[in-house]
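Asker: Compute the structure for the input listed below.
(2 chains)
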Amino acid sequence: MSILGSLQKSTIESLEALFGQTFTEKDFQVNQTKPEFEGDYTVVMFSLVKSLQQSPDAIGNMLGKHLTENYPHLFSAYNIIKGFLNLSVADDYWINLLKAQYNDICFGKQPISGKKVMVEYSSPNTNKPLHLGHLRNNFLGWSVAEILKANGNTVFKSCIVNDRGIHICKSMLAWQQFANGATPQSTHTKGDHFVGEYYVRFNDEYKKEIASLIAGGMPAADAEKKAPIMKLTQQMLQDWEAGEPTVMALWKKMNGWVYDGFDITYKNIGSDFDKMYYESDTYLLGKDIVQKGLDKKVFYTKPDGSVWIDLSADGLDEKLVLRKDGTSVYITQDIGLAQQKYDEYKIDQSIHVIGDEQNYHMKVLQLICKKMEVPYAEDIHHLSYGMVELPTGKMKSREGTVVDADDIVAEMENEAKQKTEELGKVKDFAEHELNELFHTIGLGALKFFLLRVDPKKKMTFNPAESIDFHGFTAPFIQYNYARIRSVLRKNEFLKDCSIGTTFLPLEKELIVSLERYSTVISQAADELNPSAIALYIYQIAKTFSSFFAEHSIGNAETEEKKQLRLYLANMTAIVIKSGMQLLGITVPERM
RNA sequence: GGUCCGGUAGCUCAGUUGGAUAGAGCAUCAGCCUUCUAAGCUGAGGGUCAUUGGUUCGAAUCCAAUCCGGAUCACCA
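Answerer: Got it, this is the predicted structure:
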């Protein structure tokens, strides 16, 4: 049990013994003690005043006395300042923790609980390459999956590929009309980028046609519908749905190019999936559920034959679930896919990593599932994250104003290369080791940059300012890991050597922080928030960095001190490596 | 217009179910490499927590109103 948990438990027991009243851990607050006061953890008395009918200081005195007397293995001293009971945790406690856990690579993680969770993330379209916004999604989804695993869940990572629909036909049509048979191979272009160019080309041509129609006197709204290239695209979609062979062949060919490109990108950024869903397989799902909903009178039919749900009583609007021609819409597929995931994996929770622009859509999905009374309705969770914007505003693939995923990763690696070469510390590395290091540092910096911010907040990325490698960044953390590893290579652990009984302030700060790891993991899992991990690991690295500058490990005053510091350094390395892994970031042995 | 999200130092962000004198990084300034990696360390300056009112022992945090920014409300996905 964590020290926080032990403190809560012993406080509850003490209050019961002292006052004969039963409390839970929610009835009082426990904080880390501020550095300006003596102690490690603080119990705030005020919330107990009402039910105990005593002054905060009186309760604090009794509680502090009782805790130190009855739990001497946990608490060694206490003081009370203005209603705050500051408790000093016994040095023995930390020494024992250090001895037991300093080399445990599973430290902080929970055993498997049996709970099954699916995390759906990434969800690319097959008409354009991934951009910076997708990277935020990918890093978030992957990290949340790892954090949930660390918290004992069995996790399935899934991906729904938007591989059909009018937007896919746009790039197909543009290729058909303008490519003259060009291929990724013939142009030496990565497949997803190649197809993306035709998606942009479509929109350029479309705009031109609209402009000339308007110039000819047609109203703008009509021009958008009547542009010849759009008419052809709509025809192509109908042909696709009819399974017309040449369209199907073109579709398969171009999607194949895109998948070849995605494979490279996913491999490069470390995304992987246990299950791929394709919209071309799932877009008809959900229709039979709509029928059930009609039977249950959850849905209703309008005179033209279209099917709707009225959510106005829930503060939303009427929502279409089936077109008048009987074809399904976006939400219909999601209803069907949710059912399929549940049937296939018997999951207890389904997490959808989707941008906040779809908050409304996900709310509708959850509501429909509830009204349909499906068993998994309460377990659909939308992990909503804010958009990544440029200083000039939103990124738009259609207009080509995006920060491309492959480009930004390459730039970061290049940046890492430059800085590494300037410092000149790894001149003995072989070329493949150097490339691996640049990848580790560059991609790490990018992942950390995107993950350190609360997911729900939108963020601005300024391409003119390079992402930092100093301060609250992955390279800083990686650097501290490398320093620890260097020290550990140069010094030996002695078997059966005492590590002393006391701590200097910075040693103490480090072990107290390390102990919190499990609490931080479970908090991050509850909140589905990797930034909690990022913040914590940075704080660990910072504390170690101060410690490292202040105290020598190899030349410690005594052998006991040296051993203590080696234990501390080793445990710090393990927590840093473990925590960074939860963010999808690797740490180098040297840099 | 309805609904939802956000507004904390020049910039980017933390700030636990309300708690002690609101914290980091970047940038600026001043120090620190002859010893374990200076991608570092130490220190300084920098705040009307958007505004106003309320709730109470106590509010950046909760409530109400207002201002500003964003998302969304498609027979698109």
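
Asker: what about the strands in chain A?
Answerer: Ranges of strands in chain A, per DSSP state E, are A:29-32, A:41-44, A:75-81, A:84-89, A:116-120, A:154-161, A:275-278, A:300-301, A:307-310, A:318-322, A:349-355, A:380-385, A:388-389, A:459-460.

Asker: Would you mind giving those strands as JSON lines with mean pLDDT added?
Answerer: Listed next are those as JSON lines, based on pLDDT from 0 to 100:
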{"stretch": "strand A:29-32", "mean pLDDT": "92"}
{"stretch": "strand A:41-44", "mean pLDDT": "94"}
{"stretch": "strand A:75-81", "mean pLDDT": "94"}
{"stretch": "strand A:84-89", "mean pLDDT": "94"}
{"stretch": "strand A:116-120", "mean pLDDT": "97"}
{"stretch": "strand A:154-161", "mean pLDDT": "96"}
{"stretch": "strand A:275-278", "mean pLDDT": "96"}
{"stretch": "strand A:300-301", "mean pLDDT": "93"}
{"stretch": "strand A:307-310", "mean pLDDT": "93"}
{"stretch": "strand A:318-322", "mean pLDDT": "92"}
{"stretch": "strand A:349-355", "mean pLDDT": "95"}
{"stretch": "strand A:380-385", "mean pLDDT": "94"}
{"stretch": "strand A:388-389", "mean pLDDT": "88"}
{"stretch": "strand A:459-460", "mean pLDDT": "87"}
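
Asker: Same list, those strands, but as CSV with mean neighbour count please.
Answerer: Where you see a C-beta, it was placed from the backbone N, CA and C, and this is true even at glycine. Formatted as CSV, these follow (neighbours: other C-beta atoms under 10 Å):
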stretch, mean neighbour count
strand A:29-32, 14
strand A:41-44, 21
strand A:75-81, 18
strand A:84-89, 23
strand A:116-120, 23
strand A:154-161, 21
strand A:275-278, 16
strand A:300-301, 12
strand A:307-310, 18
strand A:318-322, 18
strand A:349-355, 22
strand A:380-385, 20
strand A:388-389, 20
strand A:459-460, 14
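
Asker: how about these in a markdown table, adding distance to residue A:187?
Answerer: A markdown table is the format used below for the strands of chain A (distance: least, C-beta to C-beta, whole Å):
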| stretch | distance to residue A:187 |
| --- | --- |
| strand A:29-32 | 58 |
| strand A:41-44 | 63 |
| strand A:75-81 | 70 |
| strand A:84-89 | 65 |
| strand A:116-120 | 33 |
| strand A:154-161 | 24 |
| strand A:275-278 | 26 |
| strand A:300-301 | 50 |
| strand A:307-310 | 45 |
| strand A:318-322 | 41 |
| strand A:349-355 | 31 |
| strand A:380-385 | 34 |
| strand A:388-389 | 29 |
| strand A:459-460 | 34 |
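
Asker: Export the ones you listed to JSON lines and append columns for distance to RNA strand B.
Answerer: Converted to JSON lines, the strands of chain A look like this (distance: least, C-beta to the nearest atom of the strand, whole Å):
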{"stretch": "strand A:29-32", "distance to RNA strand B": "4"}
{"stretch": "strand A:41-44", "distance to RNA strand B": "3"}
{"stretch": "strand A:75-81", "distance to RNA strand B": "4"}
{"stretch": "strand A:84-89", "distance to RNA strand B": "3"}
{"stretch": "strand A:116-120", "distance to RNA strand B": "14"}
{"stretch": "strand A:154-161", "distance to RNA strand B": "9"}
{"stretch": "strand A:275-278", "distance to RNA strand B": "11"}
{"stretch": "strand A:300-301", "distance to RNA strand B": "10"}
{"stretch": "strand A:307-310", "distance to RNA strand B": "9"}
{"stretch": "strand A:318-322", "distance to RNA strand B": "5"}
{"stretch": "strand A:349-355", "distance to RNA strand B": "8"}
{"stretch": "strand A:380-385", "distance to RNA strand B": "8"}
{"stretch": "strand A:388-389", "distance to RNA strand B": "8"}
{"stretch": "strand A:459-460", "distance to RNA strand B": "4"}
